[in-house]
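**Q** could you look at this predicted model? Sequence included:
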Amino acid sequence: RAAIANFKGGAGKSTVALHFAHAAALDGYRVLAVDFDPQATLSHSMGLSDVSEEVTVWGIMARDLIRETERINATSGGAESGAVLPQRRLPPSVTGMGLNDLRATDFIKPTSWPTIDIIPSCANAAFVEFASAQYRHMNPEWSFFAAVSRYLDQLPDDAYDLIIFDCPPAIGYQSMNAVFAADVLYIPSGPGYWEYDSTTSFIGQLSEALEDLGRFRGRLPSGTNPDKVFADLRFLLTRFEPNNDLHRAMQSAFHQVFKSHVAEHPIEMTRAVEQSGRFLSSIYEMDYRQMTRETWRRARISFDRAYDEFQSTLVNAWEKLED
């Protein structure tokens, strides 16, 4: 499970997630994409435009709230101290939506690529941040950050090879669910100074947020650990221009600070990359006749190299997890 995350908007998260999903499918992997971003760029790029909020990450979290509340209520002593937790009651506005009756597969939608499925997002899913705050008030013992991880654990182990998360440009309830569920964290960043500054701030704030999850220890189901450790973490430069002195200087700064965690192959800025964002399609779907063949070739080589490194990173992480 790989999360593509950064709270800097315009860093290329959805573009990276889309291209890596398509490249992995062409490489023979079965891919599940999870769109955590209410802007729903990844969902639209995958061909889904009419999505009900009930089958988004918000629906997964609300369903998890219901099920976790039932589990906690059925447990006589939920805290490490052995103290009995109060019985929590959820209002009909939550329990009456029918989410508890949905199967895990009801949230998964097919795409035009036969080996890629997606849990989509939509604009209405933006209220998940407000709803989740209310849900935590209804049940303070609910470990909100583990909702998506618990959901994915319900899927058969052989259903998918790779699961790719497209995260929103913020540290909130959705992005924390993505980060907690991920085995590998990929952080795209543009090559400018302010993007470098924002990315370093993102790492600091994410670290603090993950440390705060430790207070839920003792409220989680058996075998769940709130202390998050990634099998790998990588920084990926996007919109990179190899002949730009500033970009090369910022690439050097990334290497000096983050060292081996910086991806060797950045994604270069080409006209083909611009068009892929404009037409909501990846370079793997575009006809080279829509541009010069050389422009298409440069973009394809750039994404192929970035994907090969991504694939190698995930396979190495996969082996660590299996060990």
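**A** On my side now, so go ahead. Numbers count the residues shown, from 1 in each chain.
**Q** now the helices for the stretch 1-150 of the chain?
**A** 13-26, 41-45, 57-74, 92-95, 128-138, 147-153 (DSSP state H, counting those that start in this stretch).
**Q** repeat for the stretch 201-323 of the chain
**A** So, for the stretch 201-323 of the chain - with DSSP H, counting those that start in this stretch - the helices run 245-258, 271-278, 293-322.
**Q** so what does the longest one touch, helix or strand wise?
**A** Contact analysis of helix 293-322 by 3 or more C-beta pairs under 8 Å, 6 or more residues apart in numbering; DSSP states H and E lists helix 13-26, strand 184-189, strand 232-237, helix 271-278 as its packing neighbours. Where you see a C-beta, it was placed from the backbone N, CA and C, and this is true even at glycine.
**Q** any chance of these in a markdown table with mean neighbour count as columns?
**A** Output for these, formatted as a markdown table (neighbours: other C-beta atoms under 10 Å):
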| stretch | mean neighbour count |
| --- | --- |
| helix 13-26 | 24 |
| strand 184-189 | 26 |
| strand 232-237 | 21 |
| helix 271-278 | 17 |
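**Q** between these, which one is closest to Met250.
**A** strand 232-237 (7.8 Å; C-beta to C-beta).
**Q** gap between the closest one and the chain center?
**A** Its chain's C-alpha centre and that of strand 232-237 lie 14 Å apart, by C-alpha atoms, centre = their mean, to the nearest Å.
**Q** and what of stretch 58-70?
**A** 19 Å.
**Q** do stretch 185-199 as well
**A** 17 Å.
**Q** got the CA coordinates for that stretch in CSV?
**A** Provided in CSV are the C-alpha atoms of stretch 185-199 (Å, rounded to 0.1, in the frame of the first residue of the first chain):
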residue,chain,number,x,y,z
LEU,A,185,5.0,6.9,1.7
TYR,A,186,5.8,8.7,-1.6
ILE,A,187,6.0,12.5,-1.3
PRO,A,188,5.9,14.4,-4.7
SER,A,189,7.3,18.0,-4.6
GLY,A,190,8.0,20.6,-7.2
PRO,A,191,11.6,21.8,-7.5
GLY,A,192,11.1,25.3,-6.2
TYR,A,193,12.3,26.7,-2.8
TRP,A,194,8.8,27.3,-1.4
GLU,A,195,7.8,23.8,-2.4
TYR,A,196,10.9,22.5,-0.6
ASP,A,197,10.0,24.5,2.4
SER,A,198,6.4,23.2,2.4
THR,A,199,7.6,19.6,2.0
